[in-house]
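Enquirer: generate a structure from the sequence data that follows.
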Amino acid sequence: MEYKSVRIDGQVLSTGIRQAIARSEESLICFIRPDTIRFVAVSGLRMVVSWEAQLQSPASDSLVFLVPPVIADLLMSESVRSQPGVEIGRRGKR
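Expert: Take a look at the predicted model:
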């Protein structure tokens, strides 16, 4: 198995989650591309909101993952917001 990871500015991560979770109580979908990060909040089968920001430094890889509400709460904390870089990753085959 391969480990893929990207570093995201903590303020960008926290702001994106806060904007998306404010409109939905369900899991968020996060798309990380080399130059952008996007959070999509869903409610049932409908997209409620999409929030996107440019990344200050390009990500080395693209990732898609879910952020459950309990994890979203942790990622909106002051300790994450104050980090210049938060590593996000997953194990899996390419």
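Enquirer: now the protein, which segments are flagged as low pLDDT?
Expert: Applying pLDDT under 70 to the chain flags residues 1-5, 47, 84, 88-94.
Enquirer: so where do the helices sit in it?
Expert: 10-21, 69-75, 78-81 (DSSP state H).
Enquirer: okay, these in TSV with mean neighbour count next?
Expert: C-betas here are computed from N, CA, C, even on glycine. What follows is these, written out as TSV (neighbours: other C-beta atoms under 10 Å):
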stretch	mean neighbour count
helix 10-21	20
helix 69-75	14
helix 78-81	13
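Enquirer: can you tell which of those is closest to residue 62?
Expert: Closest of the helices of the chain to residue 62 is helix 10-21, at 16.2 Å (criterion: C-beta to C-beta).
Enquirer: helices or strands next to the closest one in the packing?
Expert: For helix 10-21, the packing partners by 3 or more C-beta pairs under 8 Å, 6 or more residues apart in numbering; DSSP states H and E come out as strand 28-32, strand 36-43, strand 46-54, helix 69-75, helix 78-81, strand 86-92.
Enquirer: deepest-packed of the ones you listed, please.
Expert: strand 28-32 (a mean of 20; mean count of other C-beta atoms under 10 Å).
Enquirer: same for that one, what does it pack against?
Expert: helix 10-21, strand 36-43, strand 63-67.
Enquirer: and it, how far out from the chain middle?
Expert: 5 Å (C-alpha atoms, centre = their mean, to the nearest Å).
Enquirer: for beta bridges, what are the partners of residue 38?
Expert: residue 31, residue 52 (DSSP bridges).
Enquirer: equivalent analysis for the one 5 residues further on, please.
Expert: The residues paired with residue 43 through beta bridges, assigned by DSSP bridges, are residue 46.
Enquirer: so residue 54 sits against residue 34, correct?
Expert: No. Look at residue 54 against residue 34 with C-beta atoms under 8 Å: they stay out of range, at 10.8 Å.
Enquirer: show me the residue sitting in the middle of this structure in space.
Expert: residue 30 (4.5 Å; C-alpha atoms, centre = their mean).
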